[in-house]
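> What follows is a predicted structure for the sequence shown.
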Amino acid sequence: MSRNARAKRKHRDTSQTAFTFKLERDPTLQRPQILFFSLFSLLTLAAPLYYQQNLGGEGLYLPYNATTWIAALLLTATGLLLALHRLQLVIPRYGLALFALPAGLLISGFVTGVGNPSEWLLRLGYVMGGFAFFIALLQFRLRRQHQDMALTLVLCGIMLQALIGWVQLQQLPFLSALVPIAKSSQPIAIFQQVNLTASFLATALPIAIFLATRPGALRARWLIRILPYCGLALCSGVLLSTGSRVGLLGGTLGLLLALAGRRHFLRQHRRISAALGISLLLGASFLLSDKVEQGSTSALSKIERLQQGGQADVRFSVYEISLDTIANAPLFGHGLGSFQSVWQEERGKFQDSHPELDIGPRYSHPHNELLFWLVEGGLVAVAGILICAGAVAWQLVRLGSQRGLLLAGMLLPIVLHTQVELPFYISSPHWFLMLFLLYLTFSLRPASIRLKLSQAARGLCTALLLIMPAAGSTFLLQTLLANAGIVNYMKSRGQQSAFLEPAINNLYFSSQATYLIMKESLLIGYSLNDKQRSTAFIAWANEYLQQTPDIQLFYDLAGAYVHNGNHQGALQALERGLYIYRHNKKLEQALVALKSGDIDRYLQNLAAKQAARNAEAQSPAPKTTN
């Protein structure tokens, strides 16, 4: 073999196995790949770490979701602009089957109509934006080594969340301004919910197995080589401390699938097998010690309760109510955004047959993704989901026992989580992690479509792809301001309504801001004995309760009726609330007070407290002396 041929072969082998984050030194990285890694680093490492004080909940009430979507919009627009520049759109195999999911949601959404326009728009935007992100990833044309680099970034992002979880386990108060700290010492990470943290960390376990056993791992730089083992130890330790059943089950099954997929490699490389085993033992036995023991004990007690069946776990009741709700509109569902109203109505009927059962607070989701879409979108929407799932399963089979099992292990923790909770509605990082793993599944030998666009059409599409992420990012930044305004308003004890101005003008937060303003107006009406304010509140509350049967609002509505002298209306409001929320102590006590005549005295106390807060807010601040 000539010297030139050996040099070319050496360069080719190096480009296939080398692994480095110094992008300028990698000859296989062109401008599209450099753009990808810049934006993907923002999406996986920086955007999910953003934190500001918030009221909790789901969606954009959690600030990190807004910053994650901003990064995703930038990456999506860049990928689609690349396709437009080349006049060639790369699409996955079985693309029609994958697109059955958004198609089914769109069809059911339009057939059932728009009952709640903002909820309808945001729900479809979430799904369609996610699929645009999935298609945009294909446009960067990443090679296998580039995909390995991207998975390493994903693992680093998950390890950052694990480190935050470790900080939370130590209860370090001086970090409370940077990360949320749970009073129960649980590792909630930036997600502010322990099961979300668990499924996120569980996904890291099969990813670490893949990166430790991938082609070229033995020749990688030492820092890249030890990273999977560090990730395995850290993530498994924090995962065990969560006490999450779904996280532990997903992590265990995902790990087993990944090990099964790389079994031949591990048999040939006993040192790597031993290192992986030691990493798992470190995570389980030494890294978090008593925290791991507490979490494992908690998980076992939950499993024992689940094995009892019946009403031992409230999810069984939630599932049964959901099935009854689906039976009322099986084909197209009740409409996007209708879950809370129709499900709570069916909940009341269910509790007539189980009067002793305490289901708990208001539900915005049945803790099962398929049931949720069956309620809102019916069989049409779920048919699209199942067709898409079938295409994913078939593609995993076609990938073979090694890569197919590895990717199945990576997908499993989050997929399993969707069947017991609502990870995508609370955490956008989970949504985009799932989409990226699906991209890896369908990245092998994709198809391409030639785009035949006129100059004018090409210019219009370019303008839209520039405007849409800019407009979306502006909206998301404004939601952060609106969110902060609501928090500041609550801190002011409802005395600084100017804080709510950004939220009033925000599509996402306007409903919550209106609720707070109407509540403030009602309390002012109590203190001034202004019955017109109570009348306005009654009209607004009755309309609001048709879409969102909020527990506190039934209570406030009864107070407004009493203030207007309509005790019968107050009685009906409280009975309606108790029909849905059986055994709610606050509503039960209000009903007893109403029937005994003490509720008028309660309103007088509310009026006195409101007058005292007004006086406190209007009093001049004390002067300070130097």
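Happy to help now that I have it.
> count of residues packed around the spatially closest residue to Ala541 that is not a sequence neighbour?
Ranked by C-beta to C-beta, 6 or more residues apart in numbering and with sequence neighbours excluded, the top spatial neighbour of Ala541 is Leu557, at 4.5 Å. For the C-beta atoms, the positions are set from N, CA and C on the backbone; glycine is no exception. Using other C-beta atoms under 10 Å, Leu557 is surrounded by 27 other residues.
> ditto for the one 4 residues further on
A total of 25 residues lie near Tyr561 under the criterion other C-beta under 10 Å.
> give me the element it is part of.
Taking DSSP states H and E as the definition, one finds Tyr561 inside helix 551-563.
> residues in contact with that helix?
Contacts with helix 551-563, where a contact means C-beta atoms under 8 Å, 6 or more residues apart in numbering, come from 361-362, 515, 519, 522, 525-526, 531, 534-535, 537-538, 541-542, 544-545, 567-571, 573-574, 576-577, 581, 584, 586-587, 590, 594, 599-600, 602-603, 606.
> Which PyMOL command selects the buried ones in these?
To isolate the buried members of these in PyMOL, using 16 or more other C-beta atoms under 10 Å:
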select buried, resi 362+515+519+522+525+526+534+535+537+538+541+544+545+567+569+570+571+573+574+576+577+581+584+587+590+594+599+606
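> list the contacts for Leu433?
Leu433 sits in contact with Val154, Phe200, Thr203, Ile414, where contact means C-beta under 8 Å, 6+ apart.
> what about the second one, which helix or strand?
To tie it back to what came earlier, the one meant is Phe200. helix 194-213.
> do the same with the last one
Per DSSP H and E: Ile414 is located in helix 401-418.
> How far away from the center of its chain is the helix or strand that that helix is followed by?
On the C-terminal side of helix 401-418, the closest following helix or strand by DSSP H and E is helix 423-426. Computed by C-alpha atoms, centre = their mean, to the nearest Å, the separation of helix 423-426 from the middle of its chain amounts to 3 Å.
> Go ahead and name everything in contact with helix 423-426.
By C-beta under 8 Å, 6+ apart, helix 423-426 touches 58-59, 62, 126, 191, 193, 195-196, 199, 364-365, 369, 414, 417-418, 430-431, 434.
> So Leu49 sits against Tyr64, correct?
Yes - contact criterion C-beta atoms under 8 Å: Leu49 and Tyr64 qualify, at 7.1 Å.
> Give me the common contacts of these two.
Ile190.
> Could you check which of these two is surrounded by more residues?
Tyr64 (23 against 18).
> Beyond the helix or strand that contains the more buried one, next helix or strand please.
Tyr64 belongs to helix 63-86 when assigned by DSSP H and E. Per DSSP H and E, the first helix or strand lying C-terminal to helix 63-86 is strand 88-91.
> Buried residues of that next one, list them for me.
Leu89, Val90, Ile91.
> quick one, helices of the stretch 251-400 of the chain?
263-268, 270-281, 290-307, 314-327, 339-353, 369-398 (DSSP state H, counting those that start in this stretch).
> So for Pro469, which of these sits nearest?
Checking the helices of the stretch 251-400 of the chain against Pro469 by C-beta to C-beta gives helix 369-398 as the closest, at 25.4 Å.
> for the closest one, packing partners?
If you count contacts as 3 or more C-beta pairs under 8 Å, 6 or more residues apart in numbering; DSSP states H and E, helix 369-398 packs onto helix 95-98, helix 100-112, helix 314-327, helix 339-353, helix 401-418, helix 428-442.
> now it and helix 428-442, what's the angle there?
In terms of direction (axes from the mean of the first three to the mean of the last three C-alpha atoms, to 10 degrees), helix 369-398 departs from helix 428-442 by 30 degrees.
> For helix 369-398, list every residue counted as buried.
Counting neighbours by 16+ other C-beta under 10 Å, the buried set in helix 369-398 is 369-385, 387-389, 391-392, 395-396.
> just stretch 546-556 next, same as before
Buried-residue list, stretch 546-556, by 16+ other C-beta under 10 Å: Thr548, Pro549, Asp550, Leu553, Phe554, Tyr555, Asp556.
> repeat for stretch 89-104
89-95, 97-104.
> residues in contact with it?
With C-beta under 8 Å, 6+ apart, stretch 89-104 has contacts from 83, 127-128, 131, 134-135, 138-139, 141, 377, 380-385, 387-388, 390-392, 394-395, 442-443, 445-449, 451.
> how far out from the middle of the chain is it?
23 Å.
> gap between the two ends of that stretch?
Using C-alpha to C-alpha, to the nearest Å, the span of stretch 89-104 from its first residue to its last is 23 Å.
> Any idea which residue is closest to the centre of the protein?
Ser427 (1.9 Å; C-alpha atoms, centre = their mean).
> so it makes contact with Phe191?
Yes - the pair Ser427 / Phe191 is scored as a contact, 5.2 Å apart, by C-beta under 8 Å.
> sorry, back to before: just checking the distance from the helix holding Tyr561 to the centre of its chain.
So, by C-alpha atoms, centre = their mean, the centroid of helix 551-563 is 32 Å from its chain's centroid.
> Off-centre distance for the helix or strand containing Ala457?
Per DSSP H and E, Ala457 falls inside helix 455-491. Offset of helix 455-491 from its chain centre (C-alpha atoms, centre = their mean): 19 Å.
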